[in-house]
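Participant: Below: sequence and its predicted model.
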Amino acid sequence: MATPDQKSPNVLLQRLCCRILGRSEADAAQQFQFAVRVIGSNFAPTVERDEFLVAEKIKKELIRQRREADAALFSELHRKLHSQGVLKNTWSILYLLLNLSEDPRKQACKVTSYASLFAQALPRDAHSTPYYCARPQTLPLNYQDRSTQAQSSGSLGSSGISSIGMCGLSGPTPVQPFLPGQSHQAPGVGDGLRQQLAPRLAWTLTASQPSSQTPTSKGVPNALSRSMTRSRREGDLSGTLEVTEAALVRDILYVFQGIDGKCIKMSNTENCYKVEGKANINKPLRDMSVRLAELGWLHNKIRKYTDQRSLDRSFGLVGQSFCAALHQELKEYYRLLSVLHSQLQVEDDQGVNLGLESSLTLRRLLVWTYDPKIRLKTLAALVDYCQGRKGGELASAVHAYTKTGDPYMKSLVQHILSLVSHPVLSFLYRWIYDGELEDTYHEFFVASDPTVKTDRLWHDKYTLRKSMIPSFITMDQSRKILLIGKSINFLHQVCHDQTPTTKMIAGTKAAESPREAGDLFTDLENTFQGKIDAAYFETSKYLLDVLNKKYSLLEHMQAMRRYLLLGQGDFIRHLMDLLKPELVRPATTLYQHNLTGILETAVRATNAQFDSPEILRRLDVRLLEVSPGDTGWDVFSLDYHVDGPIATVFTRECMSHYLRVFNFLWRAKRMEYILTDIRKGHMCNAKLLRNMPEFSGVLHQCHILASEMVHFIHQMQYYITFEVLECSWDELWNRVQQAQDLDHIIAAHEAFLDTITSRCLLDSDSRVLLNQLRAVFDQIIELQNAQDAMYRAALEELQRRLQFEEKKKQREMEGQWGVTAAEEEEENRRIREFQDSIPKMCSQLRILAHFYQGVVQQFLVLLTTSSDESLRFLSFRLDFNEHYKAREPRLRVSLGSRGRRSSHT
């Protein structure tokens, strides 16, 4: 059994070196030390860790060497190795085997000098560029692939800024191997290092180099030559010598990272990178340096924004996603810089002179950084435009940059938008599928007010933040999104319906990744719209079904029409008959429990008894605030109690509208009730007072004035009942039947109340008309009082006359004189007094008629100048025979002139 020391990495590595070299531990000490340094370095291959791809490369290489049997054997062995799972780093083993089988010199299929083996693959992998995040289409694993595809491998990495790779080298040069008898003793550290790196340096030289070099150049340059080469590349910035292009290249690479170079520095006053004036640089190089330095300025701008915002937690998830997207693009940009630095380092290590085909120059940097510069410019513009924005507003700012004709810029911004919008879409799907709103930093366009109570949840708790609505979401979509989550919360909290959302909405799947979120933007009008519409229709339909079936919303709405809007005629008439003795009393003497008992009696005696007990339970009596001189008619009102979910439709404001309309309709119905009593009095008293011919003139005037009032009230009742209530109710019912969500029902109901309020002259614009109409109602009450007084006086007089005649007949039957002279004189005096009061009664009626007609004429003038067409036509019906038009000059204006007059008014 092996001891732990024999299993340590160092022991295993030493045994591997001895096995490969075929030497003892002492002879392979130098190579073992080099192997330890290589393994402990940060070198990483520029390929993806794809085990399958490496295995395929090995099989292709075996087939190319006409070793099909070995390829099949390798495939079987690899399959068994993969199925057993003994090795954790299978890719590394395969990659090592592939590199061991390759010889860049291509002199023989077999490695002749194992001493140079450790340096052969090193130049290909000895740079600090991280491996690709995305798998390239063609991955250079051997020397031929690398030399032919180096130009394209960078652009096939990922969607980042590093759109170019390391400049492809022309090809290998022969490496002089160690001779079998060559000594492997290390004469010194420098010589040993040169001995180890000689094959590496020779491999990286171009194919055209040997023809222009002296024989000594095939060897390794000594330390003096290398220091002289680097000195020439850096130039002498401190003296008066001209700054070389190589030094500017090195400075530019630092500037690309936001670090000041030796002669290119950041100017804080001008906010740009400038070449120092004292530097001896010719104009073309200076201009190219300034152009390239713009890349560093753009980098600094983006980096400053991300550094500031990354630490700001109040920036929110959308802002942090934006910063992450910028970091991702900067990461790709840093990969490019890593490639450039690696190339520069290789040139320094090899002593390559400037001007060779593989060297870095400012012109090549201009070409290679063209695409990254466009990307950084786009990112910098985004940073400027997104300053001070967060949440959905930030997503809108990013989305605005997708509206461009440049496909390169559009793809970049769409990639950033997919990352930025992912939190917004996560908020959105959580809201429409669960009704949950976790918006700690107020980024989502749906806002919640936790102080709002449950009864106002639908109206006040959830609102839209219009500034946070992303521009790729329309206002109609945002309204539907608000309604979906609001419906779910309304069902759970107000309706106490705990049905899972999955049963309401089919296919509740959210965008789980930025890629899925990005896919939605390619089809906003179909996929995204389809998801929103499906959730909206299904949730709203479920909510309306719950309100109609479980809480009887439509039945309550019809109950409002029947009782508060006086639609139940038999009930209202019987209620007035029962309440008349109570309501004629002063308002202060009324008791609500007495009126409630009368209400229950009216319900039991009419068709109202067949209504649902739930509706009758909510019907009640309400007494308004009492003012001095008010009677019961002035303070009485019916009330309808609402609570729970239906209170969302019948809010306090709506119930106050119903109360105002009921009072108006109740007063108008009372006028009709009074005029009916007046007509009854006419019919009954006309026969009784037939024996008083002197009173016929009074009766005639009363009849004429009452007829005028009856016509007026009937036309008003027709207008209110049919043109206002019935037409508005029919429109409301149709809209409720077609409603797609609760907001449509609420809007239709509010529009209904607004219509009947304005057409019943209860709005602020019709206050003058309402005052005139109340004045007409007052004249009707005055007529009732005056007629009652006249009838009482006439009936008393008639009663006395009948008593006098009865007394006279009684005496005559007894054989006495029917009447004495004194009694006859007294009777005649009383009759004369009554007859003298008749002109006063006629005068009172004429005054009452004059006031009434004046008020009606003024009311008609106001109707003709109204902006409401229905009110103007009401004036025609009230004065159908032009009775008032003949008396009022202002009513003689034509209809067109009335319209013009109303506009001037």
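Facilitator: Happy to help now that I have it. Residues are numbered from 1 along each chain as shown.

Participant: only C-alpha atoms for contact and neighbour calcs from this point on.
Facilitator: OK.

Participant: Measure how far stretch 886-894 is from the centre of its chain, please.
Facilitator: 58 Å (C-alpha atoms, centre = their mean, to the nearest Å).

Participant: got the buried residues for that stretch?
Facilitator: 888, 891 (16 or more other C-alpha atoms under 10 Å).

Participant: in this protein, which spans are strands?
Facilitator: 264-267, 272-275, 446-448, 462-464, 619-623, 636-640 (DSSP state E).

Participant: who wins for proximity to Pro407 among those strands?
Facilitator: strand 272-275 (29.2 Å; C-alpha to C-alpha).

Participant: about what we covered before: in TSV, list the strands of the chain along with distance to Arg67 and mean pLDDT.
Facilitator: Shown next, in TSV, are those (distance: least, C-alpha to C-alpha, whole Å; pLDDT from 0 to 100):
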stretch	distance to Arg67	mean pLDDT
strand 264-267	58	88
strand 272-275	60	86
strand 446-448	68	94
strand 462-464	71	94
strand 619-623	99	94
strand 636-640	97	95
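
Participant: Contact partners for Ile488?
Facilitator: Each residue near Ile488 by C-alpha atoms under 8 Å, 6 or more residues apart in numbering is listed here: 434-435, 501, 539.

Participant: same thing but 6 Å
Facilitator: Gly435 (C-alpha atoms under 6 Å, 6 or more residues apart in numbering).

Participant: per-residue confidence for it?
Facilitator: We note a pLDDT of 94 for Ile488 in this prediction.

Participant: ditto for Thr369
Facilitator: If you check Thr369, the pLDDT there is 92.

Participant: residues near it, how many?
Facilitator: 21 (other C-alpha atoms under 10 Å).

Participant: how far away is it from Lys377?
Facilitator: 12 Å (C-alpha to C-alpha, to the nearest Å).

Participant: okay, and for the stretch 351-500 of the chain, where does confidence drop off?
Facilitator: Counting by pLDDT under 70, the low-confidence segments of the stretch 351-500 of the chain come to 351-358.

Participant: follow-up on the earlier one: looking at the strands of the chain, which is nearest to Thr404?
Facilitator: Per C-alpha to C-alpha, nearest to Thr404 of the strands of the chain: strand 272-275, 27.8 Å.

Participant: returning to what we had before: which one, of the strands of the chain, ends up nearest to Val383?
Facilitator: strand 272-275 (17.2 Å).

Participant: Pairing partners for that closest one, with directions?
Facilitator: The strands beside strand 272-275 in its sheet (DSSP bridges) come out as strand 264-267 (antiparallel).

Participant: May I have the strand it pairs with exported as CSV, CA atoms only?
Facilitator: In CSV, the C-alpha atoms belonging to strand 264-267 read as follows (Å, rounded to 0.1, in the frame of the first residue of the first chain):
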residue,chain,number,x,y,z
ILE,A,264,-1.0,60.4,-22.0
LYS,A,265,-2.8,61.6,-18.9
MET,A,266,-6.3,62.6,-17.8
SER,A,267,-7.0,66.3,-17.8
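
Participant: Kindly check the end-to-end length of stretch 451-471 for me.
Facilitator: By C-alpha to C-alpha, one end of stretch 451-471 lies 30 Å from the other end.

Participant: Can you give me the neighbour number for Phe445?
Facilitator: Quick note: Phe445 (other C-alpha under 10 Å) scores 24 neighbours.

Participant: quick one, what contacts it?
Facilitator: 464-465, 468-469.

Participant: What's the local residue count around the residue nearest to Leu87 when sequence neighbours are not counted?
Facilitator: Counting by C-alpha to C-alpha, 6 or more residues apart in numbering, Leu81 is the residue found nearest to Leu87 once chain neighbours are left out, at 7.8 Å. The local packing of Leu81 (other C-alpha under 10 Å) involves 13 other residues.

Participant: again, but for Ala775
Facilitator: 17.

Participant: Next, work out how far apart the closest residue to it other than its chain neighbours and Gly629 are.
Facilitator: With C-alpha to C-alpha, 6+ apart as the criterion, Ala775 has its nearest non-adjacent residue at 6.8 Å, and that residue is Val855. Going from Val855 to Gly629 by C-alpha to C-alpha gives 23 Å.

Participant: pLDDT score for the residue nearest to Leu87?
Facilitator: 80.

Participant: How much space separates it from Asn280?
Facilitator: Between Leu81 and Asn280 the distance is 64 Å, computed by C-alpha to C-alpha.

Participant: what do you get for Leu379?
Facilitator: Distance from Leu379 to Asn280, by C-alpha to C-alpha: 34 Å.

Participant: which of those two has more neighbours?
Facilitator: When Leu379 and Asn280 are compared for neighbours, Leu379 comes out ahead with 25 against 19, by other C-alpha under 10 Å.

Participant: Have a look at Val855 and Gly629 and say which one is more surrounded.
Facilitator: Neighbours were counted for Val855 and for Gly629 using other C-alpha under 10 Å; Val855 has more, 18 against 9.

Participant: just the helices in the stretch 1-150 of the chain please.
Facilitator: Secondary structure of the stretch 1-150 of the chain by DSSP state H, counting those that start in this stretch: the helices cover 9-21, 29-39, 51-64, 68-84, 90-101, 117-120, 122-125, 143-153.

Participant: Any chance of TSV for those, columns distance to Val290?
Facilitator: Output for those, formatted as TSV (distance: least, C-alpha to C-alpha, whole Å):
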stretch	distance to Val290
helix 9-21	50
helix 29-39	39
helix 51-64	44
helix 68-84	55
helix 90-101	43
helix 117-120	39
helix 122-125	33
helix 143-153	26
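
Participant: deepest of the ones you listed, which one?
Facilitator: Compared across the helices of the stretch 1-150 of the chain, helix 117-120 shows the largest average neighbour count, a mean of 21 (mean count of other C-alpha atoms under 10 Å).

Participant: And Lys503, what's its pLDDT?
Facilitator: Lys503 is assigned a pLDDT of 75 by the prediction.

Participant: Now do it against His299, distance only.
Facilitator: Taking C-alpha to C-alpha, one finds Lys503 at 51 Å from His299.

Participant: Most remote residue from the middle of this structure, which is it?
Facilitator: Gly815 (107.5 Å; C-alpha atoms, centre = their mean).

Participant: Asn526: what's it in contact with?
Facilitator: Contacts of Asn526 by C-alpha under 6 Å, 6+ apart: none found.

Participant: try Lys390
Facilitator: Here Lys390 is in contact with Gly319 (C-alpha under 6 Å, 6+ apart).

Participant: Could I get the phi/psi values of it?
Facilitator: Main-chain torsions, Lys390, degrees, to the nearest 10: phi -150, psi 160.

Participant: same question, Lys88
Facilitator: Note on Lys88: backbone dihedrals following degrees, to the nearest 10 are phi -90, psi -30.

Participant: Against Phe74, how distant is it?
Facilitator: In terms of C-alpha to C-alpha, Lys88 sits 19 Å off from Phe74.

Participant: How about Trp817, nearest residue that isn't a chain neighbour?
Facilitator: Of all residues beyond its chain neighbours, the one nearest Trp817 is Arg811 (6.3 Å), with distances taken as C-alpha to C-alpha, 6+ apart.

Participant: burial of the one you found, as a residue count?
Facilitator: 14.

Participant: again with Thr631
Facilitator: By other C-alpha under 10 Å, neighbour count at Thr631 equals 19.

Participant: could you list every residue that touches it?
Facilitator: Taking C-alpha under 6 Å, 6+ apart, one finds 585-587 in contact with Thr631.
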